[in-house]
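A.B. asks: structure for this input, please:
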Amino acid sequence: MSQFSETELTAAVIRSFDDTPDPRAKFLLQELVKSLHDYVRRTDLTFEEWEYAIDFLTRTGQKCTPIRQEFILLSDVLGVSMLVDAVNHREREGATETTVLGPFYVGEHKVTPHGTDISASLPGERMFVQSRVTDLQGKPLANVPVDVWHADDDGFYDSQKPAYATEGPSSRARFMTDADGRFFFRTILPCSYPIPTDGPVGEMIVQTRRHAMRPAHVHFLVDAPGYQPLITHVFMEGDKYLDSDVVFGVKDELVAKIEKRTDPTMPDGKPAATPWHLMSYEFRMKPGEGSAPKPMMAKTTEHA
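C.D. replies: Below you'll find the predicted structure:
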């Protein structure tokens with residue numbers, strides 16, 4: 001029987017994947033072994049630390065539900081989500097910048113008429129959002145589905161609330177762009193908010209004395225045929241957490257000036273209770289291919 005030393009063990013585990021049929025899977029697994037083994041050696045990992053890590057990952061999985069993905073949250077706060085995003089979008093060529101999907105994309109967005117108040121039942125300062133989807137030359141892209149979702153005035157997403165199961169979605173919808181590539185809707189002004197701290201990821205954030213805050217933003221997922229899917233946020237200018245987002249998701253181009261208005265009507269000509277806020281943003285799409293993401297738990301259900 002072979003007697004493996006520290007380095008011989010690593011080489012043996014790497015060799016064990018030599019016959020993996022898929023070359024990419026083989027490469028990923030062997031590189032993962034190298035990195036994990038190197039981490040253990042560099043840190044002199046103890047049995048107690050190894051056991052804590054196993055327990056932490058176990059609890060992370062146990063916290064996941066069909067409407068909450070704790071592993072995505074873990075990836076987000078470690079900066080892995082943004083790093084994966086960065087290496088897959090190195091050449092934007094003038095297209096709108098991307099950022100993280102986040103753990104609260106639940107994928108059940110319904111097509112909604114332009115001008116709808118997607119937060120009609122919620123308190124908060126009112127906001128009108130007007131947007132346009134174009135190609136890199138500014139040509140409007142018509143009939144493009146755009147999913148939007150954001151937190152409420154207390155910093156919670158609808159899927160975090162007990163009423164979600166019975167009352168359904170709020171502050172989320174799908175719009176189809178018109179012939180000029182435009183879509184618009186009413187909602188409330190989002191606020192900065194903490195990521196969930198009632199699970200193992202929040203426990204890590206608290207114990208390491210990091211703050212748990214995300215700057216105020218609205219999520220957008222634009223899925224135009226013939227173009228790369230665009231997953232992004234639009235952030236509110238002036239938010240105090242723009243420079244210290246707990247998931248490292250802010251990019252300068254994605255920060256929008258939100259105008260405070262007192263006009264008696266909104267841009268679509270309908271009456272407005274004053275004051276209200278105006279967000280304007282144009283999304284530029286990069287030609288290419290790709291599939292819009294599905295919620296992680298939805299993928300699991302489909303494969304079950």
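
A.B. asks: I'd like the next helix or strand past the helix or strand where M127 lies.
C.D. replies: Using DSSP states H and E, M127 sits within strand 126-134. Using DSSP H and E, the helix or strand that follows strand 126-134 in sequence is strand 145-149.

A.B. asks: quick one: the helices in the stretch 201-304 of the chain?
C.D. replies: For the stretch 201-304 of the chain, the helices defined by DSSP state H, counting those that start in this stretch cover 296-303.

A.B. asks: spatially central residue for the chain, please.
C.D. replies: L101 (1.9 Å; CA atoms, centre = their mean).

A.B. asks: the nearest residue to that one once chain neighbours are set aside: neighbour count?
C.D. replies: Once flanking residues are discounted, L101 sits nearest to I231: 5.2 Å by CB to CB, 6 or more residues apart in numbering. To be clear about C-beta, it is placed using only N, CA and C from the backbone, and glycine gets the same treatment. Using other CB atoms under 10 Å, I231 has 21 neighbouring residues.

A.B. asks: next, the contact list for I231, please.
C.D. replies: Shown in contact with I231 (CB atoms under 8 Å, 6 or more residues apart in numbering): D85, T98, T99, V100, L101, F220, L221, P293.

A.B. asks: can you lay out those residues as TSV showing distance to M127 and pLDDT?
C.D. replies: Converted to TSV, the contacts of I231 look like this (distance: CB to CB, whole Å; pLDDT from 0 to 100):
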residue	distance to M127	pLDDT
D85	26	92
T98	23	95
T99	20	93
V100	22	89
L101	22	88
F220	14	97
L221	19	96
P293	26	76
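
A.B. asks: would you check that E6 makes contact with R41?
C.D. replies: Yes. Using CB atoms under 8 Å, E6 is in contact with R41, at 6.2 Å.

A.B. asks: counting neighbours, go ahead and name the busier of those two.
C.D. replies: R41 (12 against 9).

A.B. asks: contact partners for the more buried one?
C.D. replies: Applying CB under 8 Å, 6+ apart, the residues contacting R41 are E6.

A.B. asks: can you check G290 too?
C.D. replies: Q228, P229.

A.B. asks: distance of it from K251?
C.D. replies: In this view, G290 and K251 are 20 Å apart by CB to CB, to the nearest Å.

A.B. asks: for the closest residue to P225 other than its chain neighbours, give its distance to D180.
C.D. replies: Spatially, and ignoring its direct neighbours in sequence, P225 is nearest to V144 (7.9 Å; CB to CB, 6+ apart). According to CB to CB, V144 and D180 sit 12 Å apart.

A.B. asks: likewise D22?
C.D. replies: 45 Å.

A.B. asks: which of those two has more residues huddled nearby?
C.D. replies: D180 (12 against 9).

A.B. asks: in contact with the more buried one, which residues?
C.D. replies: For D180, counting by CB under 8 Å, 6+ apart, the contacting residues are R132, P140, A142.

A.B. asks: which of the residues you listed lies closest to E237?
C.D. replies: Among the contacts of D180, R132 lies closest to E237 (CB to CB), at 19.1 Å.

A.B. asks: contacting residues around the residue nearest to the centre of the chain?
C.D. replies: So L101 contacts I72, S81, H219, L221, I231, P293 (CB under 8 Å, 6+ apart).

A.B. asks: export these as CSV, with columns for distance to T60.
C.D. replies: Converted to CSV, these look like this (distance: CB to CB, whole Å):
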residue, distance to T60
I72, 10
S81, 14
H219, 23
L221, 25
I231, 22
P293, 20
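
A.B. asks: buried ones among those residues?
C.D. replies: I72, S81, H219, L221, I231 (16 or more other CB atoms under 10 Å).

A.B. asks: show me these that map onto strands.
C.D. replies: H219, L221, I231 (DSSP state E).

A.B. asks: just the strands in the stretch 201-304 of the chain please.
C.D. replies: 213-214, 217-222, 230-236, 255-256, 259-261, 276-284 (DSSP state E, counting those that start in this stretch).

A.B. asks: please name every helix or strand in contact with the fourth one.
C.D. replies: Meaning strand 255-256. With contacts defined as 3 or more CB pairs under 8 Å, 6 or more residues apart in numbering; DSSP states H and E, the packing partners of strand 255-256 are strand 230-236, strand 276-284.
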